[in-house]
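Asks: Sharing a model that was predicted from the sequence below.
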Amino acid sequence: MKRIFFVSTLSLFSLLTFAQSAVDQAMLDQAKKDKEKSDKSIQDEKASAKAATWMERAQLYQNIALQYSQLDSNAAMTAYDAYKKVVELDKTKKGEPGRSAKEAQGVLEGAEGTNLYTAFVKQGAEKYQAQNMTEALKMFQMAQQINAKDTTAALYGGISAQQADKKDVAVEEFEKYISNGGTDPSVYYGLAQLYRADNKFDKAISTLERGLAKSPDNKDLKSEIVNIHLASGNEDMAINQLKELTAKDPSNVTNMVNLAILYDNSAIKQSTKIRELQEKMGASSNTMDAKKKQLEEEKGKIEVYQNEVKRITGLMKKQPKNADLKRQLDEVNQSLETTKSNVTKYEGEVSAMAAKASSGDQAAMQKEMADLKTQYSQYRDLSIDTYKKALAAEPENYDALFNLGVFYFNDAVELKREVDNMNMSEYQQRGKEVEGRVCGKFQKAKPYFEKALKVRPDEEEAKSTLENVNNILTQFTEKKVECVAE
C-alpha cells in the first residue's frame, strides 16, 4: 500500500524539538536529581499515600517530557498516571475532590494553560523521528484523550498508524481529524486512498467530496474522484466528472486527453459486446442447424433398424430355437425404440428453437444489437473529436498523438477480422475491397505514431508500433493491395 506523507509533519516536529545546546546543564542535572527523588518517594508507604507527592511527580514528569526527554521518553505517560493518582487521593472530608484533585482533573481534561497535551504530542513526535511508529501512535492517542477536539494529534496519529501498517486505526484517526474541522486536502486524499484500497469506493468518493467542500479548487481531489470512479468500474460517472472539469478549465489538455481515453475505452467495450452478441446469435443459428442434422440422422436409423428386424424375424422362422437370433432381435428392437424416442425428443427441441427464433428473444437481441451499435458510434465520434480538440490546443501532446494512432490502428485490426472470417467465395467477391480499406486505416494511423515519436524519440512503445505499421503496409504493397482512405 502506498503511504501518504504530509508537508506539515516536518514543521510540527521541528517546532516541538528543543535544541539540546540550549538546555542549561545545571537545570538538566537538577531535573535528573528531582526525578530520582520522586521515583524513590513513591516507594515510601507514607509519602505515596499523599496527593502532594503525586502532584509534584506529575508536574516534574510533565516538565521532563517538555524539556528533558532524554531522561525519560515516556515521561508524559508517567505524568498522566500521576495526575490520575492525585484525583484519586485528594478528597475532602465530605468525599468531594480537593483543590489539588480539581487542578489535576483540569490538566487531564486539557484546561486552558495546561501543557500535558503538548507533552504527549512532543514525545509522540520524538518517537516518530526514532521510527517507533507504534509508540508514537500511543502518544498521539493519549494526547487526544486530553484534547479530543484538536486536529494535530489526530493528524499525526493517523500518519503514525499508517506507517505502522495499522490501516483501520489510520482511518479512524484521519476521520477524527476531519470531524474536528481539519482542512488539509492531503488528508482527504490519503483517507480516500485507504478506502479505495479496501474497495470502499463510495466512502472514498464521499471523503474526496468532503475535501472539495473545504478546498473547492483542489485539482488533486477532483482528479482522484475520476480515478476512483474508474477503479470501481463506473466509467459513466468518470466521464461526467471529467466533462465538468474540462468545461471549467478548457485549457487543461490532460483532462481533455483523459476524457478522450474514456470515450475510447467505452467504444471498445461496446465493440466487444457487439462481437459477443453476434457470436451468440450465430451460435443459436448453428445450434439449430446441428440439431436438425441430428434429427435427420436419427430418422435414418429407424429405417435401418426396421429392416434389420425384418431380416432377423425371417431367419427365426427358419430357426425358431436359435437363442442367438432371439438375443439379436431383442437388441435391435431396443435400439429401434431408443431411436424413436430420440426422434420425438429432437423434433420437440427443433420446434422449440424455431419458436424461440421467431419470438421476442430474437427481437430483443436485435434491438440490443442496434442499441450497442448506436452507443459504439457515439463514443467513437466523441473520442476522435476530443483527441482532436486536445491536439488543437497542444499539437505536440504525446498521449493524444499516440492514442489517436492506436484508435485508427484498432479500427484497422477490427476490419481485418472481417476479412479473416470470410470463406473463399466471400473473399473472391469483396475481399480485396475490404483489404484496401484495412490498409487505408493503417495508413491513417501512421502519421500519428510518427509525430508521437518526434515528441518523444526514445519512447519504445511508439517505436515498435510504428515499425509494426510499416511492416503491415509493406505486406499490403507486396500483395498489390491499393489502400483506400475513408
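Replies: It's in.
Asks: all contacts plus neighbour counts: C-alpha atoms, from now on.
Replies: Will do.
Asks: Just give the number of residues close to residue 120.
Replies: Using other CA atoms under 10 Å, residue 120 has 30 other residues around it.
Asks: can you pull the contacts of it?
Replies: With contact taken as CA atoms under 8 Å, 6 or more residues apart in numbering, residue 120 is in contact with 65, 76, 77, 139, 140, 142, 143.
Asks: For stretch 52-61, C-alpha coordinates in CSV please.
Replies: The C-alpha coordinates for stretch 52-61 follow below in CSV (Å, rounded to 0.1, in the frame of the first residue of the first chain):
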residue,chain,number,x,y,z
ALA,A,52,1.0,16.2,47.2
THR,A,53,3.7,13.6,46.4
TRP,A,54,1.9,12.6,43.2
MET,A,55,1.2,16.2,42.2
GLU,A,56,4.9,17.0,42.5
ARG,A,57,5.7,13.9,40.5
ALA,A,58,3.1,14.8,37.8
GLN,A,59,4.4,18.3,37.3
LEU,A,60,8.0,17.1,37.4
TYR,A,61,7.5,14.4,34.7
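Asks: and that stretch, how far from the chain's centre?
Replies: Offset of stretch 52-61 from its chain centre (CA atoms, centre = their mean, to the nearest Å): 52 Å.
Asks: Name the surrounding residues that touch that stretch.
Replies: The contact list for stretch 52-61 (CA under 8 Å, 6+ apart) reads 31, 34-35, 38, 41-42, 47-48, 75-76, 78-83, 85-86, 100, 104.
Asks: Produce a ChimeraX select command limited to the buried residues of these.
Replies: Buried residues among the contacts of stretch 52-61 (16 or more other CA atoms under 10 Å), as a ChimeraX selection:
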select :31,34,35,38,41,42,48,75,76,78,79,80,82,83,85,86,100,104
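Asks: Tell me which of the contacts of stretch 52-61 fall in helices.
Replies: Under the assignment DSSP state H, the contacts of stretch 52-61 contribute 31, 34-35, 38, 41, 75-76, 78-83, 85-86, 100, 104 to helices.
Asks: rewinding a little: counting neighbours, which of the contacts of residue 120 comes out on top?
Replies: That'd be residue 76 among these, by other CA under 10 Å, with 32 neighbours.
Asks: Show the contacting residues for it.
Replies: With contacts defined as CA under 8 Å, 6+ apart, the neighbours of residue 76 are 61, 62, 64, 65, 116, 119, 120, 123.
Asks: any idea which of these is closest to residue 24?
Replies: For the contacts of residue 76, the minimum distance to residue 24 (CA to CA) is 13.4 Å, reached by residue 64.
Asks: Surely the closest one is in a strand?
Replies: No: counting by DSSP: H, G, I helix; E, B strand; the rest coil, residue 64 is not found in a strand; it is helix.
Asks: My guess is residue 397 contacts residue 388. True?
Replies: No: if you go by CA atoms under 8 Å, residue 397 and residue 388 don't touch, sitting 10.6 Å apart.
Asks: gap between the residue of the chain most remote from its centre and residue 307?
Replies: Most distant from the centre of the chain: residue 318, at 83.0 Å, with distances by CA atoms, centre = their mean. Note on residue 318: its distance to residue 307, by CA to CA, to the nearest Å, is 17 Å.
Asks: How about residue 140?
Replies: Counting by CA to CA, the gap from residue 140 to residue 307 is 96 Å.
Asks: before we move on, what about residue 66?
Replies: 110 Å.
Asks: between these two, which one's more packed in?
Replies: Applying other CA under 10 Å to residue 66 and residue 307 shows that residue 66 carries more neighbours, namely 22 against 12.
Asks: wait, what's in contact with that one?
Replies: With contact taken as CA under 8 Å, 6+ apart, residue 66 is in contact with 118, 119, 122, 123.
Asks: Tell me which of those fall in strands.
Replies: Judged by DSSP state E, the contacts of residue 66 include no members of strands.
Asks: any idea where the helices of the stretch 351-486 of the chain begin and end?
Replies: Secondary structure of the stretch 351-486 of the chain (DSSP state H, counting those that start in this stretch): helices located at 360-393, 398-420, 424-455, 460-478.
Asks: Need the pLDDT of residue 16.
Replies: On the pLDDT scale, residue 16 is placed at 48.
Asks: Quick one: end-to-end length of stretch 65-85, please.
Replies: Terminal residues of stretch 65-85 are spaced 18 Å apart (CA to CA).
Asks: quick check: mean pLDDT across that stretch?
Replies: Across stretch 65-85, the average pLDDT comes to 93.
Asks: Also stretch 324-337?
Replies: Stretch 324-337 shows a mean pLDDT of 81.
Asks: Please list the outside residues in contact with that stretch.
Replies: 301, 302, 305, 306, 308, 309, 312, 313, 315, 316.
Asks: hmm, try it at 7 Å
Replies: Contact with stretch 324-337 is made by 302, 305, 309, 312, 316, as judged by CA atoms under 7 Å, 6 or more residues apart in numbering.
Asks: Could you do stretch 267-281 as well?
Replies: Residues outside stretch 267-281 that contact it (CA under 7 Å, 6+ apart): 369, 372, 375, 376, 379, 380.
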